[in-house]
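Peer 1: Got a predicted model here, sequence first, then my questions.
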Amino acid sequence: MNAEFIQNLPTAEQAIARLRELGMPRRNNELWSFFPVAKIPTPEFMGTDFATAPKTSPAAASANQETDFAALLPIANQARPMIREIVPGAAEMAMLKCNNDFGHTVLDIGKGAKVSLEILDNKVTHDIAAERFDINVGENADVEIFFANPACDLPLRFRHFNINQAAGANVRFSSICKDTAIGRVSVECHLKGEGANFDYRSLHVLDGEASQHSRLTIYHEAPHTTSTQLARNLLSGSARVSYDGSVIVGYDCTGVNSSQLVNTILLSEDASVSVKPVLKIYHDDVECTHGNTVGELDAEQMFYLVSRGIPKKSAQEMLMRSFAQETFLPLPDSPAKKRLMSSL
C-alpha cells in the first residue's frame, strides 16, 4: 500500500475545517460557474456563521488544500473509507456501489495491474448524495473506470474522482448519464510519470429539467504524457449541460499531447449547453487543442434517410444512436465498451 498516498487524504476534521474556510459554493467561484448552487443544502456542520466564524482548527485547515466542495463533502460527513490494494500484476474486475448517501473509496493499484471498475448507483431517498474516489495507479497499469446506470431521479448527486498516474499508466474514464435531476461529476487527474495517458469520454442523453455538470482538471506533470477529452450531449426539453475542462502543462513537460472536444446536439429550443475550456501551458514543445460544436441533427442526412422510406422518427433515432456510439467506438474491446454500447 502506498503509505504517502493514504496519509495525504484529509480527515473528517480537516474536511470540515476546510469547508468552513471555503464557504458554500457560489456562482462567482470558477469551479461552480454553471452549477445551480442555490440547490445545494447547507450541511449542519457548516453552521450559519461559517463565512465569518473562526476556523475550527487552523492547523487542520492548512493540512489539506482541497478547493472543491464536492470533494470534501463525503469526508466531512464521516463517510467510512473503503480502502483496497490491488497488487502488482493482478487482473481484476469489480463493481463499486456506495452503501449510503455519502461514500469514500480509496484504491491503490499496483504496477502492471489490469483493472476494470464499474460504478453502480445507490438510489438513496435523501436529498443529496456525494461520493469520492481516490485512485492511485502504479507504473504501466491499465485501468478502466466506467458507469452507465439507468436514469435516476435522485434530486442532487456529486461524484468526485482524484486520480494519480505513475509512468506509463493508462486510465480510460467513460460514462453515460441519463439522469433526470441535478448532478455533477468532477475529475482531478495528475499525470505524474512519463508516458502516462488519461482518456475521458462522456455522453449525456437528457430530457425534461435535467441539469448535469462536468468539471475536469488534468495536470500534465511529466514529459510525454497524453490526455484526451471527448464529451457528447443529446439534449431535449429544458435539459442543461455544462462542461468545464482545464488542462495544465507544467514546466519541463516536453512532448505533451492533449485534446478536448465537446459536441452537442440540441433537440429542442429550450435545451442549452455551456462550455469553458481552459489551457494553462508552461512549456513550448507541446500540442494542446480544444474545440466545441453545437447544432441540430444533420438536415442532409435526415433528408437522405426519409427519402428512402424511413419514417422521420426512426431516422432521428438512427442519427442519434450513431452520434452516441461514436463516442465509445475507439475504446478497446473490454467490459467497459461492452457495457456502454449495450446501454445505448
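Peer 2: Cool, got the structure. Predicted model, so just to flag it, every value in this text is computed and none were measured. Numbering: from 1, shown residues only.

Peer 1: Any stretches of the stretch 1-150 of the chain with poor pLDDT?
Peer 2: 3, 48-64, 123-125 (pLDDT under 70).

Peer 1: So which residues of it form helices?
Peer 2: 3-7, 12-22, 58-63, 69-76 (DSSP state H, counting those that start in this stretch).

Peer 1: can you pull the contacts of the nearest residue to residue 83 once chain neighbours are set aside?
Peer 2: Once flanking residues are discounted, residue 83 sits nearest to residue 106: 4.5 Å by Cβ to Cβ, 6 or more residues apart in numbering. C-beta here means a position set from N, CA and C on the backbone, and glycine is covered the same way. The contact partners of residue 106, by Cβ atoms under 8 Å, 6 or more residues apart in numbering, come to 6, 9, 81-84, 133-135.

Peer 1: Show me just the buried residues among the residues you listed.
Peer 2: Neighbour counting with 16 or more other Cβ atoms under 10 Å marks 9, 133-135 as buried within those.

Peer 1: out of the residues you listed, who's nearest residue 25?
Peer 2: Distances from residue 25 to those, taken as Cβ to Cβ, are shortest for residue 133 (20.0 Å).

Peer 1: contacting residues for that closest one?
Peer 2: By Cβ under 8 Å, 6+ apart, residue 133 lies in contact with 96, 104-107, 119, 145, 159-162.

Peer 1: Just send these back as TSV, with distance to residue 243 too.
Peer 2: Below are those laid out as TSV (distance: Cβ to Cβ, whole Å):
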residue	distance to residue 243
96	24
104	26
105	24
106	27
107	26
119	20
145	18
159	15
160	16
161	16
162	19
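
Peer 1: Now compare the residues you listed and name the two farthest from each other.
Peer 2: Largest separation among the contacts of residue 133 by Cβ to Cβ: 104 and 145, giving 15.7 Å.

Peer 1: Residue 169 and residue 136 touch, don't they?
Peer 2: No. Using Cβ atoms under 8 Å, residue 169 makes no contact with residue 136, being 9.5 Å away.

Peer 1: Quick check: the nearest residue to residue 31 once chain neighbours are set aside vs residue 137, distance?
Peer 2: Closest residue to residue 31 apart from its sequence neighbours, by Cβ to Cβ, 6+ apart: residue 68 at 5.8 Å. The gap separating residue 68 from residue 137 is 20 Å, by Cβ to Cβ, to the nearest Å.

Peer 1: which of the two has more neighbours?
Peer 2: For residue 68 versus residue 137, neighbours defined as other Cβ atoms under 10 Å are more numerous around residue 137 (30 against 21).

Peer 1: For the more buried one, give the beta-bridge partners.
Peer 2: Beta-bridge pairing for residue 137 (DSSP bridges): residue 109, residue 165.

Peer 1: how much space is there between it and residue 236?
Peer 2: 37 Å.

Peer 1: And the biggest helix by length in the chain, what does it pack against?
Peer 2: Longest helix in the chain by number of residues (criterion: DSSP state H): helix 312-328. Packing contacts for helix 312-328, counted by 3 or more Cβ pairs under 8 Å, 6 or more residues apart in numbering; DSSP states H and E, involve strand 197-206, strand 226-235, strand 256-266, helix 299-307, helix 335-342.

Peer 1: Relative to residue 28, which of the ones you listed is closest?
Peer 2: Nearest of those to residue 28, taken as Cβ to Cβ: strand 256-266 at 23.2 Å.

Peer 1: Spit out the contact partners of the closest residue to residue 314 other than its chain neighbours.
Peer 2: Ranked by Cβ to Cβ, 6+ apart and with sequence neighbours excluded, the top spatial neighbour of residue 314 is residue 305, at 7.9 Å. By Cβ under 8 Å, 6+ apart, the residues touching residue 305 are 314-315, 318-319.

Peer 1: again, but for residue 297
Peer 2: By Cβ under 8 Å, 6+ apart, the residues touching residue 297 are 265, 267, 316, 319-320.

Peer 1: cool, residue 162 as well?
Peer 2: With Cβ under 8 Å, 6+ apart, residue 162 has these contacts: 71, 132-135, 188.

Peer 1: ok, then the element right after the host helix or strand of it?
Peer 2: Per DSSP states H and E, residue 162 falls inside strand 156-165. Next helix or strand after strand 156-165 toward the C-terminus (DSSP H and E): strand 170-177.

Peer 1: Indicate each strand paired with that next one and its parallel or antiparallel sense.
Peer 2: strand 142-147 (parallel), strand 197-206 (parallel).
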